[in-house]
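Participant: After the sequence you'll find the predicted model.
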Amino acid sequence: MESALRGSGVSPPWPPLLVSLVGWGIMPRWARGWRAPGLLLALGATLACAGGGPPRGAPPAKGPAAIGAPPAVEVVGRAWLPSGLSLDGVLVGGLSGIAYDAAADLYLAVSDDPGERGPPRFYTLRIPIVDGRLEAPGVEVTGWQALLGSGGGRLPGVGADLEGIALAGDGTLYVASEGDARVLVAPFLARHRRDGLRVELLQLPAAFLPDGAGRGVRFNMALESVTLSPDERWLYTATEGPLEQDGAEAAVGRAAWCRILEIDLTTGARREIAYRVDPVHAWPPVPGSLRVSGLVELLALERGELLALERSFAMGAGFAIKLYRVSLGGADDVSAVASLATAPQPRPAAKRLLLDLGAAGVPLDNLEGMTFGPRLPDGRRSLVLVSDDNFDPEQTAQVVVLAVPDEALRPSPPG
């Protein structure tokens, strides 16, 4: 399925220069069918370092997440893919997770298209980060690969809502799917060869499986992430929001419980860690409109040490996107806890705010994928974020590149 971009489906035709100088919307998939005054931001976008304009988004969280002053994380580039772009007859979009292939200097971005616009798949991207900046001509889509079942057949569309991707050193891929709790299709974690063939299906805890009777993942709040520790022994994923049995979803003024799942790929041992996701950042201008907050991505630094991306959305008020440094050490294993809503409150994972992207002046879209890219000339780590455009012509697929100092990635000192 590999191919050079031909720019079909875009008028006028787009060459491999894929920086879209267009406006963008803020309508995620959860909000389809909703329309509210002031929802869309008709803003001109250019490929540039972030900056200018008033800060957006919520103020930094109070309490442990805001303790200390971590070294600054800098925005070093932004780009957009044009809406309606297609490659070999398959639409490009729905970028929900991303991984970096350092040997090929390529990025693998999984799409959450459940088979409506092509097979469940990932795309290959070139994101040129040169001299510490995202350089023109920006992002190039170079190909796509269908993800297949163990027998080589196409994955079924129902439940193949792919949201996370991680690349192992042997070239195999781990992918996470949300499933569809409305029809009791469970989420899944699977390992695939680079040619798309599934080679392993990992077992999930029974508590994650929807049963239609008030237990398991919620619709559209299931597995949004998958990441491997650098030694590839430990795999992490997490629920975007609380399991049905773990209490209410996040709201304005109310945080919510998520569960981070750690799997030892050597022994099969696993544990579940409670994670507290931030409240929704703002009230929608129209009462009763959609508002949601969740844990949308994880990136492992080492065993028990992670980066976490949280996304909040309020209809008509837009997004808040926050990057946290997370430590699981000292947190309670809640594998045996039937309900976080009724049990004594567990000790959750510790988190420290690294960057509020809105407050940093980044125009925000539906960011939900994250991976390290190449090391920058000054020694900082590049961190690449991608957004899911939901195949909505009022949105665009956004790429944001951050520069992260090593000091920001270190655990907080005790106390």
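Facilitator: Alright, I've got the coordinates.
Participant: Would you mark the buried spots in stretch 288-303?
Facilitator: Neighbour-count burial for stretch 288-303 flags 289-301, 303 (criterion: 16 or more other Cβ atoms under 10 Å). Every residue, glycine included, has its C-beta placed from N, CA and C.
Participant: How much space separates the closest residue to R194 other than its chain neighbours from S111?
Facilitator: In space, R194 comes closest to G171 once its chain neighbours are excluded; the distance is 4.8 Å by Cβ to Cβ, 6 or more residues apart in numbering. G171 sits 20 Å away from S111, going by Cβ to Cβ, to the nearest Å.
Participant: So between those two, which is more surrounded?
Facilitator: Counted by other Cβ atoms under 10 Å, G171 and S111 do not tie: S111 has more neighbours, with 29 against 11.
Participant: Number of residues surrounding the closest residue to that one other than its chain neighbours?
Facilitator: Ranked by Cβ to Cβ, 6+ apart and with sequence neighbours excluded, the top spatial neighbour of S111 is G94, at 4.1 Å. G94 is flanked by 26 other residues according to other Cβ under 10 Å.
Participant: so what's G94 up against?
Facilitator: S111, D112, D113, D388, D389, N390, F391 (Cβ atoms under 8 Å, 6 or more residues apart in numbering).
Participant: so for the helix or strand where A274 lies, what's the average pLDDT?
Facilitator: A274 is part of strand 270-277, with elements assigned from DSSP states H and E. In this model, strand 270-277 carries a mean pLDDT of 98.
Participant: Follow the chain on from that strand and name the next helix or strand.
Facilitator: Counting by DSSP H and E, what follows strand 270-277 is strand 291-302.
Participant: helices or strands next to that following strand in the packing?
Facilitator: Counting contacts by 3 or more Cβ pairs under 8 Å, 6 or more residues apart in numbering; DSSP states H and E, strand 291-302 is packed against strand 227-228, strand 234-238, strand 256-264, strand 270-277, strand 305-314, strand 367-375.
Participant: Mind doing that once more with 6 Å?
Facilitator: Judged by 3 or more Cβ pairs under 6 Å, 6 or more residues apart in numbering; DSSP states H and E, strand 291-302 is in contact with strand 227-228, strand 234-238, strand 305-314, strand 367-375.
Participant: Throw those strands into a markdown table and include mean pLDDT, distance to R352 and mean neighbour count, thanks.
Facilitator: Formatted as a markdown table, the helices and strands packed on strand 291-302 follow (pLDDT from 0 to 100; distance: least, Cβ to Cβ, whole Å; neighbours: other Cβ atoms under 10 Å):
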| stretch | mean pLDDT | distance to R352 | mean neighbour count |
| --- | --- | --- | --- |
| strand 227-228 | 98 | 18 | 22 |
| strand 234-238 | 98 | 17 | 25 |
| strand 305-314 | 98 | 10 | 24 |
| strand 367-375 | 97 | 16 | 21 |
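Participant: Specify the stretch among those that is closest to R381.
Facilitator: strand 367-375 (5.5 Å; Cβ to Cβ).
Participant: Paired strands for the helix or strand bottoming out on mean pLDDT in the chain, with orientation please.
Facilitator: Here the helix or strand of the chain ranked lowest by mean pLDDT, DSSP states H and E is strand 133-134, holding a mean of 90. Here strand 133-134 is paired, per DSSP bridges, with strand 129-130 (antiparallel).
Participant: What are the contacting residues of stretch 141-159?
Facilitator: 1-3, 5, 87, 90, 92, 114-115, 119-126, 179-180, 185, 192, 196-198 (Cβ atoms under 6 Å, 6 or more residues apart in numbering).
Participant: re earlier: nearest to E163, of the helices and strands packed on strand 291-302?
Facilitator: Using Cβ to Cβ, these put strand 367-375 closest to E163, at 7.4 Å.
Participant: So what touches the closest one?
Facilitator: Contacts for strand 367-375 (Cβ under 6 Å, 6+ apart): 95-100, 129, 296-297, 299, 309, 321, 381-388.
Participant: do the same with stretch 326-334
Facilitator: Taking Cβ under 6 Å, 6+ apart as the rule, stretch 326-334 contacts 271-274, 304-306, 308, 346-351, 411.
Participant: just stretch 256-264 next, same as before
Facilitator: 235-239, 241-242, 246-247, 249-250, 270-275, 277, 295, 340.
Participant: Now with 7 Å, please.
Facilitator: Stretch 256-264 has contacts (Cβ atoms under 7 Å, 6 or more residues apart in numbering) with 202, 205, 233-243, 246-250, 270-277, 295, 328, 334, 340, 349.
Participant: Tell me which residues of that stretch come out buried.
Facilitator: For stretch 256-264, by 16+ other Cβ under 10 Å, it's A256, W257, C258, R259, I260, L261, E262, I263.
Participant: From start to finish, how long is stretch 224-244 in a straight line?
Facilitator: 16 Å (Cα to Cα, to the nearest Å).
Participant: now stretch 77-87
Facilitator: End to end - Cα to Cα - stretch 77-87 spans 25 Å.
Participant: So for that stretch, what gets flagged as buried?
Facilitator: G77, R78, A79, W80, L81, P82, S83, L85, S86, L87.
Participant: Keep only those of those that are in strands.
Facilitator: G77, R78, A79, W80, L81, S86, L87 (DSSP state E).
Participant: what sits against L402?
Facilitator: V73, E74, V75, V76, L383.
Participant: what about it, distance to E297?
Facilitator: 13 Å.
Participant: ditto for G358
Facilitator: For G358 relative to E297 (Cβ to Cβ), the value is 17 Å.
Participant: now the helices for this structure?
Facilitator: With DSSP state H as the criterion, the chain has helices at 406-409.
Participant: pLDDT weak spots in it?
Facilitator: 1-70, 157-159, 413-415 (pLDDT under 70).
Participant: still on that earlier bit, looking at the buried residues of stretch 256-264, spot the one nearest H281.
Facilitator: Looking across the buried residues of stretch 256-264 and measuring by Cβ to Cβ, the closest to H281 is A256, at 13.4 Å.
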